[in-house]
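# predicted coordinates and the sequence they were generated for:
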Amino acid sequence: MSINPTAHGHLLVVPVEEIDHWVDAPADLAAHLFAVAHVVGAAVHRAFRPVRVGMLIAGYEVPHTHVHIIPTTSMAQLSLANAAASVDPAELESAAEAIRGELRAVGRTEVVG
């Protein structure tokens, strides 16, 4: 989960391999990152029923490639300038459990927590 979300359910997909800029990722890693984001994005859509699920690769926050998956009701929620400064950990856990539940419901056995 993003610790500075722009919307309830905002999460990050982060590869284990540390790569600063996403365009420097090997093609197979980039494809895998997008495939994981696709599966997780579908779970976010089922869990929160937003108007859209946005995906954002910014790369300015930390020097490690990651993809933001954001349930949105407006374009404003895709702006990291609108991110919350702090969020109750219970709220993050609630969102995480909703997403994990949706992943388990479609048979994703790799889900932990």
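Received the coordinates, thanks.
# what sits against the nearest residue to S74 once chain neighbours are set aside?
Closest residue in space to S74, ignoring its immediate chain neighbours: V51 at 7.7 Å, by CB to CB, 6 or more residues apart in numbering. C-betas here are computed from N, CA, C, even on glycine. Each residue near V51 by CB atoms under 8 Å, 6 or more residues apart in numbering is listed here: T72, T73, S74.
# just name the closest of the residues you listed to I19, please.
Comparing the contacts of V51 against I19 with CB to CB places T72 closest, at 26.2 Å.
# does the closest one touch L56 like I think?
No - the criterion here is CB atoms under 8 Å, and T72 misses it with L56 at 10.1 Å.
# and for these two, which residues touch both?
Common contact partners of T72 and L56 (CB under 8 Å, 6+ apart): L78.
# now the longest helix along the chain, how far from the centre of its chain.
In the chain, with assignment by DSSP state H, the single longest helix is helix 27-48. Centroid displacement of helix 27-48 relative to its chain, using CA atoms, centre = their mean, to the nearest Å, is 8 Å.
# give the other helices and strands that that helix contacts.
The helices and strands touching helix 27-48, judged by 3 or more CB pairs under 8 Å, 6 or more residues apart in numbering; DSSP states H and E, are strand 11-13, strand 52-56, strand 67-72, helix 89-105.
# what angle sits between the longest one and strand 67-72?
The directions of helix 89-105 and strand 67-72 differ by 100 degrees, with axes from the mean of the first three to the mean of the last three CA atoms, to 10 degrees as the criterion.
# from the chain's centroid, how far away is helix 89-105?
Centroid displacement of helix 89-105 relative to its chain, using CA atoms, centre = their mean, is 12 Å.
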